[in-house]
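# here is a sequence with its predicted model. Questions after.
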Amino acid sequence: MTVRVGVLGATGAVGQRLIQLLEPHPEFEIAALTASDESAGHPYRDVAKWRIDTPIPEEVGEMTVTATTPEAVPDDVPLLFSSLPSTVGAKVETPFCEAGYVVSSNSSNARMESDVPLVIPEVNGDHLEALEIQREERGWDGALVKNPNCSTITFVPTLAALAEAGIGLETVHVATLQAVSGAGYDGVTSMEIIDNAIPHIGSEEAKLETESRKLLGEFDGTALADHEMEVAASCNRIPTIDGHLENVWIETSEDPSPEEVREAFAEYPSLSLHSSPEPLIHVFEDPERPQPRLDRTVGDGMAIAAGGVRESTFGIQYNCLAHNTLRGAAGASVLNGELLVEEGYV
């Protein structure tokens, strides 16, 4: 069965990635595109400044963009993918859920609310059970699910792999080297970033530190208890186009060898969902890998690349990488949508 879906905020950078992934998707059919009031009523091709390196799908280009309101989206489109700016998402996602739509959202608003599942399907798909609480407490027929920040998605699967292998996580330090596409097309000017690195990304450190603990937390059917590990993050913008590279230091209750860490990464399972890659974590033996230009498209851009595993005075140090607009944004929302369908929430 094909599910008719819509994209909220379809003209933006993540909205374009969503269209790129959804148009050939075997389980989804794009049936609604929304954007600002200025774009509503016009063919998508005329209002989207297309930045993706593949052409606009012909049928999508001819679709008429609607306003971002529940009244403008057909009732037979049960699943919506939201790529709205968080300030807009905070205002409009709730009305869609109240109207009965299921929203898989990349927007940062509401990620840390207790009854809103923050999900990486391979890591904590069981947290979707919180939707029963969400619907009961809020009186919604619809539902709201979030995927994490792109930088959080990059390193949390590696932490989950270690936890799954019985390696107790106590302290995590992470330094990110984040691509400019993470700031959006107009987010960082060339004069700022060329021949430069910017050692601060507003609110990014807090997202890494809080979202990771929620993702690795335990849901007992009534409430979620965050993971007790301590996380400290430092975030840097560097002049790469796509691909967030992260340096991670972990302190554990055990004393794993680098070989045991690499084995835990390599053996961590993916899922039988269309967008979940096999393997989920691609492990490099070469200490110079992963690199953004070479490795951001492993697993069609949906895998996590890891390497440089070694002992350090702090514990274990390693590097990991993910494509920030595929695995870290649009692809993450699509994967959550696949899980929502498989688990019967759509």
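Structure's in. What do you need?

# what mean pLDDT does stretch 161-172 have?
The average pLDDT within stretch 161-172 is 97.

# kindly export it (C-alpha atoms) in PDB.
In PDB, the C-alpha atoms belonging to stretch 161-172 read as follows (Å, rounded to 0.1, in the frame of the first residue of the first chain):
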ATOM      1  CA  ALA A 161      26.200   0.500  19.800                       C
ATOM      2  CA  LEU A 162      28.500   0.700  22.800                       C
ATOM      3  CA  ALA A 163      25.600   0.500  25.200                       C
ATOM      4  CA  GLU A 164      24.100  -2.500  23.300                       C
ATOM      5  CA  ALA A 165      27.500  -4.200  23.700                       C
ATOM      6  CA  GLY A 166      27.400  -3.700  27.400                       C
ATOM      7  CA  ILE A 167      29.900  -1.000  27.500                       C
ATOM      8  CA  GLY A 168      28.600   1.400  30.200                       C
ATOM      9  CA  LEU A 169      28.700   5.000  29.200                       C
ATOM     10  CA  GLU A 170      29.700   7.400  31.900                       C
ATOM     11  CA  THR A 171      31.100  10.600  30.300                       C
ATOM     12  CA  VAL A 172      31.100  11.700  26.700                       C
END
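
# list the buried residues for that stretch?
Buried residues in stretch 161-172, defined by neighbour count with 16 or more other CB atoms under 10 Å: 161, 162, 163, 165, 167, 169, 172. The way it works is simple: take the backbone N, C-alpha and C, and place the C-beta from them, glycine included.

# hey, where'd the strands end up in the stretch 101-250 of the chain?
Assigned by DSSP state E, counting those that start in this stretch, the strands in the stretch 101-250 of the chain fall at 102-105, 143-146, 169-178, 218-219, 224-225, 230-237, 244-252.

# the longest helix in the chain is where?
In the chain, with assignment by DSSP state H, the single longest helix is helix 150-164.

# from residue 160, how far off is residue 245?
19 Å (CB to CB, to the nearest Å).

# same thing with residue 22?
From residue 22 across to residue 160, the span is 26 Å (CB to CB).

# quick check: residue 137 vs residue 112, distance?
Distance from residue 137 to residue 112, counting by CB to CB: 16 Å.

# go on, residue 320?
When distance is defined by CB to CB, residue 320 is 23 Å away from residue 112.

# the two: which is more packed in?
More crowded of residue 320 and residue 112, by other CB atoms under 10 Å: residue 320, with 27 against 16.

# and the residue nearest to residue 292 when sequence neighbours are not counted, how far is that from residue 199?
Excluding its sequence neighbours, the residue lying closest to residue 292 (CB to CB, 6 or more residues apart in numbering) is residue 243, at 3.2 Å. Separation of residue 243 from residue 199 (CB to CB) stands at 19 Å.

# again, but for residue 49
30 Å.

# sorry, back to before: helices or strands up against the longest helix of the chain?
The helices and strands touching helix 150-164, judged by 3 or more CB pairs under 8 Å, 6 or more residues apart in numbering; DSSP states H and E, are helix 121-124, strand 169-178, helix 204-215, strand 244-252, helix 258-267, strand 281-283, strand 304-311, strand 316-322.

# what about the shortest one, average pLDDT?
Along strand 281-283, the predicted local confidence has a mean pLDDT of 98.

# show residues contacting it.
For strand 281-283, the external contacting residues (CB atoms under 8 Å, 6 or more residues apart in numbering) are 157-158, 161, 262, 265-266, 268, 290, 295, 298-299, 303-307, 309.

# where do the domain boundaries of the chain fall?
3-148+329-342, 150-323 (automatic domain parsing).

# low-confidence ranges, the stretch 201-346 of the chain, go.
Applying pLDDT under 70 to the stretch 201-346 of the chain picks out no residues at all.

# can you pull the contacts of residue 152?
By CB under 8 Å, 6+ apart, residue 152 lies in contact with 207, 208, 211, 212, 215.

# ditto for residue 32
Here residue 32 is in contact with 4, 5, 6, 7, 66, 73, 74, 77, 80 (CB under 8 Å, 6+ apart).

# can I get the residues you listed in CSV with distance to residue 228, pLDDT and neighbour count?
Listed next are these as CSV, based on distance: CB to CB, whole Å; pLDDT from 0 to 100; neighbours: other CB atoms under 10 Å:
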residue, distance to residue 228, pLDDT, neighbour count
4, 42, 98, 14
5, 37, 98, 25
6, 39, 98, 26
7, 38, 98, 30
66, 45, 98, 19
73, 41, 97, 21
74, 45, 96, 11
77, 41, 98, 16
80, 35, 98, 25
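
# dump those residues to TSV, plus secondary structure and distance to residue 95.
Formatted as TSV, the contacts of residue 32 follow (DSSP: H, G, I helix; E, B strand; the rest coil; distance: CB to CB, whole Å):
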residue	secondary structure	distance to residue 95
4	strand	20
5	strand	18
6	strand	14
7	strand	17
66	strand	14
73	coil	11
74	coil	16
77	coil	15
80	strand	11
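
# what residues are up against the closest residue to residue 111 other than its chain neighbours?
Nearest residue to residue 111, sequence neighbours excluded (CB to CB, 6+ apart): residue 146, at 4.7 Å. Counting by CB under 8 Å, 6+ apart, residue 146 makes contact with 105, 106, 107, 110, 111, 116, 117, 118, 119.

# the last one and residue 145 touch, don't they?
Right, the one you point to is residue 119. Yes: the pair residue 119 / residue 145 is scored as a contact, 5.9 Å apart, by CB atoms under 8 Å.
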